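Engineer: Have a look; sequence and predicted model below, questions after that.
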Amino acid sequence: MSHLDTVAQLAFCLTALLLPGSLFADKGQNLDPVQQPSDPALYVGADTCKTCHQAEGASYDRGAHWRTEAGKRKGPQWQGCEACHGPGKAHVDSGGDPTKIIRFTALSEKQTSERCLACHEKSESHQNFMRSPHLANGVGCTTCHSIHASKSGHDLLVSAPPGLCYGCHRDVEPDFSKPEHHRVNEGLMSCTDCHNPHSSFLPHNLRTSDWQGQVCTKCHVDTAGPFVFEHAPLKEQGCTACHNPHGSTNPHLLTRPQVNQVCLECHSTILARSIAPGIPTFHNQAQKYSQCTLCHTAVHGSNTDPTLFKR
């Protein structure tokens, strides 16, 4: 075989692989799970879909999607069932061939999420989802949301929170049953008050930075500051330097059983020259005087006293 023949064969193979109508394409899966064609002739309308899919049509009519799409998006590719499942003419003409329609159960979590984000990525809270730790761990839109079989009256969730979140986050579930905890199980708070499940640019999907307590001070406004005399851990590490935000067996969600044990993690003799002043020799660490906050009452910061004796 000559060199020219080899080049010609390689060119043919590359062309066949790159062209949409490739000779090697799977003719059953002829719909792109992301791109939505705009040719009106390819669409049959939601009423046609409902002749076979009555239960799904009824759930769609009760949901939020039918009320929002028509006014915001123009063209048949953004209307009704076909806005999500793709053009349905080939599916109908084939007598219901499932390979002629987009089935979410046959898509990867990434492909499913890309279809949802075709509309929802304009929402500020969804813009980073494709880079989210949820998607990176195989959790897509339809893992938590169901268009046709939602068991929650909120946001088409497959089940009600916080149980939905606990399904994966087993490590934090016990914290909310500890003596001191944020009232998530009682329904007074939600995981999404602090975390954005669709991701953010911050660790742990936090809605705002835990640095300077921006998440916590939304509720704990008395600790927000700014203060004339700041407490360094609050500025450097945030509230979680001293508190477990989900729950604790210790008072005030502290990470240690006693207040002075928390303080001594920084204010120790060993660390005195590096990160914080050490405890003076005249401080009595006997049980009677073990609570540093008996004197240093303004532990979050003070406007009047550099030793945090008072606010």
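Structural biologist: Perfect, thanks for sending it. Residues are numbered from 1 along each chain as shown.
Engineer: Any idea how many residues pack against residue 132?
Structural biologist: The local packing count at residue 132 equals 19, with neighbours defined by other CB atoms under 10 Å. C-betas here are computed from N, CA, C, even on glycine.
Engineer: Could you list the low-pLDDT ranges of the stretch 201-311 of the chain?
Structural biologist: Within the stretch 201-311 of the chain, the stretches with pLDDT under 70 are 209-213, 271-275, 278, 281, 286-290.
Engineer: where exactly do the helices run in it?
Structural biologist: Secondary structure of the stretch 201-311 of the chain (DSSP state H, counting those that start in this stretch): helices located at 232-236, 259-264.
Engineer: how about the ones you listed in TSV, adding mean neighbour count and distance to residue 160?
Structural biologist: Formatted as TSV, the entries for those read as follows, by neighbours: other CB atoms under 10 Å; distance: least, CB to CB, whole Å:
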stretch	mean neighbour count	distance to residue 160
helix 232-236	17	35
helix 259-264	19	35
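Engineer: outside of stretch 145-152, which residues touch it?
Structural biologist: 55-56, 59-60, 63, 65, 84, 116, 155-161, 164 (CB atoms under 8 Å, 6 or more residues apart in numbering).
Engineer: Give me the buried entries from these.
Structural biologist: Under a neighbour-count criterion of 16 or more other CB atoms under 10 Å, the subset of the contacts of stretch 145-152 counted as buried comprises 56, 59, 60, 84, 116, 156, 157, 161, 164.
Engineer: Going by contacts, tell me the helices and strands next to the helix or strand harbouring residue 47.
Structural biologist: Taking DSSP states H and E as the definition, one finds residue 47 inside helix 46-50. Helix 46-50 sits against helix 54-62, helix 82-85, with contacts defined as 3 or more CB pairs under 8 Å, 6 or more residues apart in numbering; DSSP states H and E.
Engineer: now those helices in a markdown table, with mean pLDDT and distance to residue 202?
Structural biologist: Below are those laid out as a markdown table (pLDDT from 0 to 100; distance: least, CB to CB, whole Å):
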| stretch | mean pLDDT | distance to residue 202 |
| --- | --- | --- |
| helix 54-62 | 90 | 35 |
| helix 82-85 | 91 | 30 |
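Engineer: Mind checking these for the one nearest to residue 304?
Structural biologist: Closest of those to residue 304 is helix 54-62, at 58.7 Å (criterion: CB to CB).
Engineer: how far away is residue 113 from residue 154?
Structural biologist: When CB to CB, to the nearest Å is the yardstick, residue 113 and residue 154 sit 20 Å from each other.
Engineer: which one of the two has more residues nearby?
Structural biologist: Summary of the neighbour comparison: residue 113 and residue 154, criterion other CB under 10 Å, with residue 113 having more neighbours (25 against 9).
Engineer: hang on, the earlier thing: show residues contacting the helix holding residue 47.
Structural biologist: Here helix 46-50 makes contact (CB under 8 Å, 6+ apart) with 56, 57, 60, 79, 80, 81, 82, 85, 88, 92.
Engineer: Mind doing that once more with 7 Å?
Structural biologist: Defining contact as CB atoms under 7 Å, 6 or more residues apart in numbering, one finds that helix 46-50 is touched by 57, 80, 81, 88, 92.
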